[in-house]
Each structure stands twice: as C-alpha cells, then as structure tokens.
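>>> return a 3D structure for these sequence lines:
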Amino acid sequence: MTRLLNHDRSLEELERDRWAAPSGGETWLMATVRELRCKPIGGLTVEDMRLLIRQDVGLAYLLPLAVEVLRVDPLAEGDMYEGDLLAAVLTRSAEVWREIPELARDVRLIASELADVPPALKREVEGFLAR
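Down below sits the predicted model:
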C-alpha cells in the first residue's frame, strides 16, 4: 500500500504512538531513536533514516521516504559508507516486503540497475535480488 506522506509530521504523530519516558538509563541508540521519532520526517537526514530503518522503527513511513531518496541517489550515504541507506533498506525482513510488494518492486529495480555495486553492498544486493 502506497501512503501519501505528510513530511511535516513526526513518526510519533503519524503512528499515534508516544513512547513513555524511560524509567532508568537508556543507551545512546535508544535515546537517539526516541529523539528522531519526534522530528518531522521531512527533516530526517539520510543518516537518521538509515539508523531508524536499521532499528525497524517507522518502516511504513520511512521505507517509502528512503525509496524517494534512493531513486535519485541509489548510493546515498549516511555516516557509515557509500550506499548505507540502501543496505538498511535491503536488509529488512522478507515479511516487511510481503506487506508492501509495490515498494519491494521499486527497491528491486533500484538494486538491479546499480552499474557497479560497491563491495560493502554486494552481499545485501545479491541477497535481496535472490529472494
């Protein structure tokens, strides 16, 4: 199902799910995820999307947004390496892709059209295309 995304709203607003404040300490990763869930999705950077997608947070909203970025720049880079956003997208579970087959087709096309697959992405691209 394709969603029309309101880029001015946060994941917290879109999902109608406000996470309770932690009762004890929380890791840097969880604090960052909590903070990013409050940021309008239109203001998320490639790195923000990469991090959230890797944590399986807000996928219904972030995968379509990430695909918008990947259509323009398949090797969009966050803070890790060239193509790290694509790697995050490609490594979501088969179950996720069964729920959004039209988006999976778009991702398959993006991955299959890569002329030179960087070594850091080779396994993820081959694994996704083999499904």
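>>> just give me the neighbour total for the closest residue to Asp79 other than its chain neighbours.
Distance criterion CB to CB, 6 or more residues apart in numbering; nearest residue to Asp79, sequence neighbours excluded, is Glu47 at 4.7 Å. Where you see a C-beta, it was placed from the backbone N, CA and C, and this is true even at glycine. Glu47: 16 surrounding residues under other CB atoms under 10 Å.
>>> got the phi and psi for Arg18?
Per-residue torsions, Arg18: phi -90, psi 120 (degrees, to the nearest 10).
>>> quick one on the thing from earlier: quick check, the residue nearest to Asp79 in contact with Ala76.
No: if you go by CB atoms under 8 Å, Glu47 and Ala76 don't touch, sitting 9.8 Å apart.
>>> give me the secondary structure label for the spatially most central residue of the chain.
Nearest to the geometric centre of the chain sits Ile53, at 3.7 Å (CA atoms, centre = their mean). State at Ile53, reduced to three classes by DSSP: H, G, I helix; E, B strand; the rest coil: helix.
>>> starting at the chain centroid, how far to stretch 63-83?
Offset of stretch 63-83 from its chain centre (CA atoms, centre = their mean, to the nearest Å): 9 Å.
>>> which residues does it contact?
2-3, 5, 7, 41, 44-51, 53, 84-86, 88-89, 92, 96, 100, 103, 106-107, 110-111, 113-114, 118, 120-121 (CB atoms under 8 Å, 6 or more residues apart in numbering).
>>> check which element follows the longest helix belonging to the chain along the chain.
Among the elements of the chain assigned as helix by DSSP state H, the one spanning the most residues is helix 59-72. Next helix or strand after helix 59-72 toward the C-terminus (DSSP states H and E): helix 84-90.
>>> fine, thanks again, bye for now.
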